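*Asks:* What follows is a protein structure lacking sequence information:
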């Protein structure tokens, strides 16, 4: 079934000599299928096919692209239980989670399809001419978002479907009118192959050009680097570690033509526990936080890695409760031996710091690949003096910072660098009393959550999954939700263009019926003649 | 009158030992006033004041910021003829041009004020909660654009008012809710001082915080570099040369926290002359093009530096006409001796290339600082083989590329890298026949003009003054027009936030009456309770 080859457009190719196998966290053994890493020549061919495809694909209407995206969703569903099984095997994630993730993936594709059908996302704007204006006539100027060209998508380890081959990045790149070249994650190359096949199938069924999608296997950095450095590649999307994202960003800035890299690199997602809330609900909070820390073995970019509280009797109750909860939690399987090793090493290194104390860890027997949930504590003073303690540990870990008084609390909150999220647990009175401190944190996050958990990132219109550096390399965009499409477009203005040259979105009659800004006012009306 | 000091917020400071004078292109002499370059300490102080001011300024309502911008415009007008005289003296530009530029500057400030009063620019988006959704409830998520913090503005040499101290960059930074630190252009430091004084005056009158605006004199690179490297600076706007913009961009990417640099670096703005149009209007085109080439001594970033035509009898007529026009044109004064020297050297170097021929130059006597208009020709074949010929020469220069047949024509059009603009001169039949070639060029420009000139960049809603690299460092944004504000904001999402914590733009009742996207649909209605 699994052939292990690269998809160069719809063609299969395996000319390379570097091969690899994926790994089953359940059996702790390598899976039998052999994947062939793409060669430099194959990489170049995939990009060139994308360049060629772009000439046709960029002209496809919103409705045509919507049909393509819906067909991808259908084809993924047609893979049935075989896809679920493969993704479970390669990730070690439970069936319920993978089935849910498939739903997220197909819903996401269909949401982008509906956005394309609606058509208003292109931000069409028309300034009508003023031929009699003095000292000079005002021309007719019309602007809309247009695609940019071939985009490279680096898939993430922790979401083998929803942030992978046909995930949010690929969906938004295709929706914007650009071809995609996927750099396959080596942990789930088999899952990728099945989904890539579904995309190719959908492209054929809906008449999309050869090369609109390619998928290149990779076990080392060579393929990713070659893609980022290819002069015809216009943009890059990445979800993963800080070191991976930062190095791709640097590579892309060194090109003769620098290109954007949208790297989502994770964060510690501070959880701010305000005093009245802690007093009222210490026991409940302990249960909620422990569950969130261990959810999916803590392998989420929005995992709550830091908790901030004021020292108090109530906080002691919370600590006792949290310790009890953590000690009872069952360690979950991590995605890969590299990830579990990394988790072990990082926590070990962390506890080498004299300033931190272990509050509790799971008392269940450890077994290979299982990430043992652990929570540490540190004083506010020590946390401020040890910036390294604010670094992410990918896995079921969290650090509780105990602050001596509101002044130290405020100072701790000021230390945080860019984060995807922060969560505030507080009563109405708490939120009023600590408004200034909350606003300090708001300044460095993409999403601010009240009395809720950062995990579970909604795919909608208003989601912001991003945040200032180092959470991402570009805080002006989101990688989840409808607005993710804006990463892969740029505005183009047309001055005094004949109506027949203009894209349909900008023609006088507005036959598409989209929202347009005409002389600064939003309207769906056609232009007056 | 002119004190030559730096504005560190509202305070005047001149602690440095490096001084400079500005220059009068009319008298060819230095002006008497001495300007003191900002020291490292003064630079740091200006940024720290901006950080402090940001805490207050970011909370100002749209109406309050609008009043500030309108008051800046009023204060600039109150400077009266003294400002016009100073700007004319320091730039050598004629009074009519400077008066027009002042109008552009104040109109721009008032346009941004009206955008703030309208309020809809923040892209407010609300996804209402679905508490009963399965398998999990959907939270309440609301998103809007928020300011980013202190921004550095590098002012341009060629627009001492409209792209300078209170120009489009400063106006859009302030409109977005961020403090500004201006790096003064040394060619018009006196003009800057007067305008900076007007801004400070407006800030005081409208109760804006100390430090919302600072202005630092600079004659060498030290001040600009220190500003770009300052950890509290969050974004940079620049208009100028490729080498200047690129080096600031690189500097900013090397920071521990990389920040955006919006560098508008100019381009050659190809003018595509289609055959039927040339046949119909060769003589008229010659007059129009010659005038545009010499407008403002060619010192515009949208100056038409390259003309592309098919070899034909009609093109010979155009050439003859163009030669005649150019030879009759009066050389205009350039902004500065450095700029005129640079123009002379670059054209000399250009004609060192055997592939190019001089078509014509102004036959008027040259005199110091006057840029002598000159047009060269090259064959399409030679142009393709000499990529250096596509580089910008800042001044009254243009290169006519003569193509042997439509295939060579198409190949020439494919060679262009990122441009601010391209202009197409064609009849309706031309545009149909050459649609594919025009689309090739559309792919690399920010603005595509039909039967018009690229100079004269409208400040409106639909302007795109930008374009792919190397025209700018970020093709996703414009530096002119209302949407320039989007450079200095980022989206922030609020999840399940209490209504009293939310910014007014996102509160249930929509008392501001702005357009909001509610569950994907644009509306001005309040949320249903």
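*Replies:* Alright, I've got the coordinates. Source: prediction; values computed, not measured.
*Asks:* Stretch A:253-269: how far from the chain's middle?
*Replies:* The gap between where stretch A:253-269 is centred and where its chain is centred comes out at 13 Å by Cα atoms, centre = their mean, to the nearest Å.
*Asks:* The stretch 301-450 of chain A: strands as residue ranges?
*Replies:* When assigned using DSSP state E, counting those that start in this stretch, the strands of the stretch 301-450 of chain A occupy the ranges A:306-310, A:332-333, A:357-361, A:370-371, A:374-379, A:397-403, A:419-425, A:445-450.
*Asks:* Could you list every helix and strand in contact with the third one?
*Replies:* By that I understand strand A:357-361. Under the contact criterion of 3 or more Cβ pairs under 8 Å, 6 or more residues apart in numbering or on different chains; DSSP states H and E, strand A:357-361 touches helix A:313-328, strand A:374-379. Backbone N, C-alpha and C define where each C-beta goes, glycine included.
*Asks:* Give me the contact list for it.
*Replies:* Residues from elsewhere that reach strand A:357-361 (Cβ atoms under 8 Å, 6 or more residues apart in numbering or on different chains): A:319, A:322-324, A:326-327, A:351, A:372-378, A:400.
*Asks:* just curious, which of the residues you listed is nearest to residue B:17?
*Replies:* Using Cβ to Cβ, residue A:378 comes nearest to residue B:17 of those, at 47.2 Å.
*Asks:* looking at it, the closest one is touching residue A:350, isn't it?
*Replies:* No: using Cβ atoms under 8 Å, residue A:378 is not in contact with residue A:350; the gap is 9.9 Å.
*Asks:* How is chain A partitioned into domains?
*Replies:* As assigned by automatic domain parsing, chain A contains the domains A:6-130+A:140-265+A:478-486, A:271-450.
*Asks:* Save the ones you listed as a markdown table, and put in mean pLDDT too.
*Replies:* Below are the domains of chain A laid out as a markdown table (pLDDT from 0 to 100):
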| stretch | mean pLDDT |
| --- | --- |
| domain A:6-130+A:140-265+A:478-486 | 97 |
| domain A:271-450 | 96 |
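*Asks:* how about the ones you listed, which one is nearest residue B:214?
*Replies:* The closest of these to residue B:214 is domain A:271-450. By Cβ to Cβ, the value is 20.6 Å.
*Asks:* start to end distance for the closest one?
*Replies:* 10 Å (Cα to Cα, to the nearest Å).
*Asks:* Figure out how far that domain is from the centre of its chain.
*Replies:* For domain A:271-450, the distance from its own C-alpha centre to the chain's C-alpha centre is 22 Å (Cα atoms, centre = their mean).
*Asks:* how about the residues of the stretch 201-350 of chain A near chain B?
*Replies:* The interface of the stretch 201-350 of chain A toward chain B, taken as Cβ under 8 Å from any Cβ of the partner chain, is made up of A:249-250, A:253, A:257-258, A:260.
*Asks:* By neighbours, which of those residues wins?
*Replies:* residue A:249 (25 neighbours; other Cβ atoms under 10 Å in any protein chain shown).
*Asks:* Can you work out which other helices and strands pack against the longest helix belonging to chain A?
*Replies:* The single longest helix within chain A, with elements called by DSSP state H, is helix A:95-118. On a contact count with 3+ Cβ pairs under 8 Å, 6+ apart, helix A:95-118 meets helix A:62-78, helix A:80-91, helix A:168-176.
*Asks:* So for that helix, what gets flagged as buried?
*Replies:* Buried residues in helix A:95-118, defined by neighbour count with 16 or more other Cβ atoms under 10 Å in any protein chain shown: A:98-102, A:104-106, A:108-113, A:115-118.
*Asks:* Give me the nearest residue to residue A:331, chain neighbours excluded.
*Replies:* Leaving aside its chain neighbours, residue A:331 sits nearest to residue A:370 (3.8 Å; criterion: Cβ to Cβ, 6 or more residues apart in numbering or on different chains).
*Asks:* How about residue A:389?
*Replies:* According to Cβ to Cβ, 6+ apart, the nearest residue to residue A:389 is residue A:383 (5.6 Å).
*Asks:* which residues sit in contact with the one you found?
*Replies:* The neighbourhood of residue A:383, defined by Cβ under 8 Å, 6+ apart, consists of A:355, A:389-390, A:399, A:401, A:412, A:415.
*Asks:* one step back: out of the strands of the stretch 301-450 of chain A, nearest to residue A:462?
*Replies:* Each of the strands of the stretch 301-450 of chain A was checked against residue A:462 via Cβ to Cβ, and the shortest separation belongs to strand A:445-450, namely 9.8 Å.
*Asks:* Each with direction, which strands does the closest one pair with?
*Replies:* Looking at strand A:445-450 with DSSP bridges, its paired strands and their directions are strand A:419-425 (parallel), strand B:489-495 (parallel).
*Asks:* neighbour-wise, which of residue A:378 and residue A:350 wins?
*Replies:* Residue environment comparison for residue A:378 versus residue A:350 gives the larger neighbour count to residue A:378, 23 against 19, counting by other Cβ under 10 Å.
*Asks:* Distance-wise, check the more buried one relative to residue A:400.
*Replies:* Residue A:378 sits 8 Å away from residue A:400, going by Cβ to Cβ, to the nearest Å.
*Asks:* again with residue A:267
*Replies:* When residue A:267 is compared with residue A:400 (using Cβ to Cβ), they lie 17 Å apart.
*Asks:* out of those two, which sits in the more crowded spot?
*Replies:* For residue A:267 versus residue A:400, the count of surrounding residues by other Cβ under 10 Å is larger for residue A:267: 31 against 24.
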